[in-house]
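# how does the following fold in three dimensions:
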Amino acid sequence: MSASDIATLFGVDAQQYLTEAENPLLVEVGAAWCAPCRMLRPILAKLAAEFRDHMTVVEIDADRSRELVREWDVEGLPTLLLLRQGRLSDRMTGLPRYADLRTRVCALLDGLATDHGSNGESAFAAAVARAEAAREAPTSPSDDPAQVELSRALTAYNEVTDGLRAQLNGNAISKQEFDRRQAAERDRLLGPVQPALDAALAAGRAAEATFIAAVEGATGEFLSAQRDLPSSAPERQARFCAPGDPYCSLD
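Predicted structure coming up:
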């Protein structure tokens, strides 16, 4: 896995690139503080390496690209934009399942075959599916009173924060005012559930680290298998590519 396969842009340069790029684009609008964005990164790195000859993967910092966030109607992070010649073909918000994301990427690339029967892809997809299932497994009973109160508080806080972010993106308030009001709402809404929040954050960080490590390991194995390809092109295609897949970049 190589970060060099992903272009990192922000501001005016990002907006110009999105509208002028000739290659199909998979664009992630995210932020350094966004945990789902961090979990998405190793999956993007795998896709960037796999389809490097046919598609460009781009990461855009939402906090440094507010004009782009407004123009492309980004309402949550991460947001994925799939573009062809500057035109939006598809979009996704939140951390997607890998299988769904790859299917949409294949559709972007003129209906690329989505058969996961190839050795490298099927192993990667299975590893990510296991990591996704582990990440989504509940860590405590849903009827735990502390968890119920925490869920309500987080919902209220997220609604308030989304409203403030909309004002920020619309230039109705400054970044300083956004930070001040967000901090005040955090104290008001989350302060009473701080112990449960601390426990949930610790569990979330552990789950995030476990997921990222699993996907990075699966990506490394996928790319290592590509480096050990047989010398014959037909053998490479049969071993690692889905039948009839013209976009599988294994050379």
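# roughly how far apart are residue 72 and residue 153?
31 Å (CB to CB, to the nearest Å). (Each C-beta comes from the backbone N, C-alpha and C, glycine too.)
# in what helix or strand does the residue nearest to the spatial centre of the chain lie?
Among the residues of the chain, the one closest to the centroid is residue 40, at 3.4 Å (CA atoms, centre = their mean). Secondary-structure assignment from DSSP states H and E places residue 40 in helix 35-50.
# got a list of contacts for that helix?
Here helix 35-50 makes contact (CB atoms under 8 Å, 6 or more residues apart in numbering) with 1-3, 5-6, 26, 28, 30-31, 55-57, 59, 77-78, 94-96, 98, 101-102, 105, 124, 128, 135, 204, 208, 211-212, 215-216, 218-219, 222-223, 248-249.
# now do stretch 61-71
The contact list for stretch 61-71, computed with CB under 8 Å, 6+ apart, reads 8-12, 14-15, 18, 29-32, 60, 74, 77, 168-170.
# which neighbouring elements make contact with the host helix or strand of residue 226?
Per DSSP H and E, residue 226 falls inside helix 194-227. Secondary-structure packing of helix 194-227 (3 or more CB pairs under 8 Å, 6 or more residues apart in numbering; DSSP states H and E): helix 35-50, helix 119-136, helix 145-169.
# convert the C-alpha atoms of stretch 143-154 to CSV, please.
Output of stretch 143-154 as CSV, limited to C-alpha atoms (Å, rounded to 0.1, in the frame of the first residue of the first chain):
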residue,chain,number,x,y,z
ASP,A,143,-31.0,-1.4,26.5
ASP,A,144,-28.2,-0.4,28.9
PRO,A,145,-29.6,2.8,30.5
ALA,A,146,-26.2,4.6,30.3
GLN,A,147,-25.9,3.7,26.6
VAL,A,148,-29.5,4.9,26.0
GLU,A,149,-28.7,8.3,27.6
LEU,A,150,-25.4,8.5,25.8
SER,A,151,-27.1,7.8,22.4
ARG,A,152,-29.7,10.5,23.0
ALA,A,153,-27.0,13.0,24.0
LEU,A,154,-24.9,12.2,21.0
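# distance between that stretch and the chain's centre?
With CA atoms, centre = their mean, to the nearest Å as the basis, stretch 143-154 stands 27 Å off its chain's centre.
# and that stretch, what's buried?
Of the residues in stretch 143-154, 147, 150, 153, 154 count as buried by neighbour count, 16 or more other CB atoms under 10 Å.
# let me see the mean pLDDT of it.
Averaged across stretch 143-154, the pLDDT comes to 90.
# now stretch 196-204
Taken as a whole, stretch 196-204 has a mean pLDDT of 91.
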